[in-house]
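Peer 1: Fold the following, please.
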Amino acid sequence: MQNSRSLRAVLFIACAINLSFASLFFFSPSLVERLYGISLADPLHYYFSLQHGALFFVLAALALLAFLRPEGFRLLSLALLLHFFALFVADVVLLSRGMMPFTTLLPEMVYFVLMSGALIRFVSFSPSPPVPPQVSAESSTSGSPLS
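Peer 2: You can find the predicted model right below:
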């Protein structure tokens, strides 16, 4: 198993930043408006802001679970890796369509790339070898009802 101390550090950072994003989108819509340069005046955009906050809250909870027991929750690390990569791709799409300025998206894009790079170190892509079943010599001859 790879070093779980560094995995725990990455997961703790992911939990803390995801919680801060969640609280930002949940409780500070005016700050979201200023940071991203968008208006949350209508209920639909406010709803999307709350949904984004809920997503970040769930991902912070996943990071916390994986932080508490990194050996048992390596798949949660993979889910977090996919999440960060998907958000990075969404930011690239926003940039390519010219919907948001580069300077606004750059800090979160850097965060997404750094977290993806840090988490990919701990994801194993090679399957583990199958463990052969252990059969004792006594149980194969003496316990047979047909003999």
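
Peer 1: helix or strand for the residue most central in space within the chain, which one?
Peer 2: With distances taken as CA atoms, centre = their mean, Leu80 lies nearest the centre of the chain, 1.5 Å away. Using DSSP states H and E, Leu80 falls within helix 74-96.

Peer 1: can you check Met109 too?
Peer 2: Here Met109, judged by DSSP H and E, is contained in helix 102-120.

Peer 1: Please point out which parts of that helix sit buried.
Peer 2: By neighbour count with 16 or more other CB atoms under 10 Å, helix 102-120 contains the buried residues Thr104, Leu105, Glu108, Met109, Tyr111, Phe112, Met115, Ser116, Ala118, Leu119. C-beta here means a position set from N, CA and C on the backbone, and glycine is covered the same way.

Peer 1: which residues touch the fifth one?
Peer 2: Put plainly, it is Tyr111. Ile17 (CB atoms under 8 Å, 6 or more residues apart in numbering).

Peer 1: and if you look at the second one?
Peer 2: With contact taken as CB under 8 Å, 6+ apart, Leu105 is in contact with Asp91, Leu94, Leu95.

Peer 1: tell me which element the spatially closest residue to the second one that is not a sequence neighbour is part of?
Peer 2: It refers to Leu94. Once flanking residues are discounted, Leu94 sits nearest to Met100: 4.9 Å by CB to CB, 6 or more residues apart in numbering. Met100 belongs to no helix or strand when assigned by DSSP H and E.

Peer 1: For the closest residue to Phe57 other than its chain neighbours, give me the pLDDT.
Peer 2: With CB to CB, 6+ apart as the criterion, Phe57 has its nearest non-adjacent residue at 4.0 Å, and that residue is Ala22. Ala22 is assigned 91 on the pLDDT scale.
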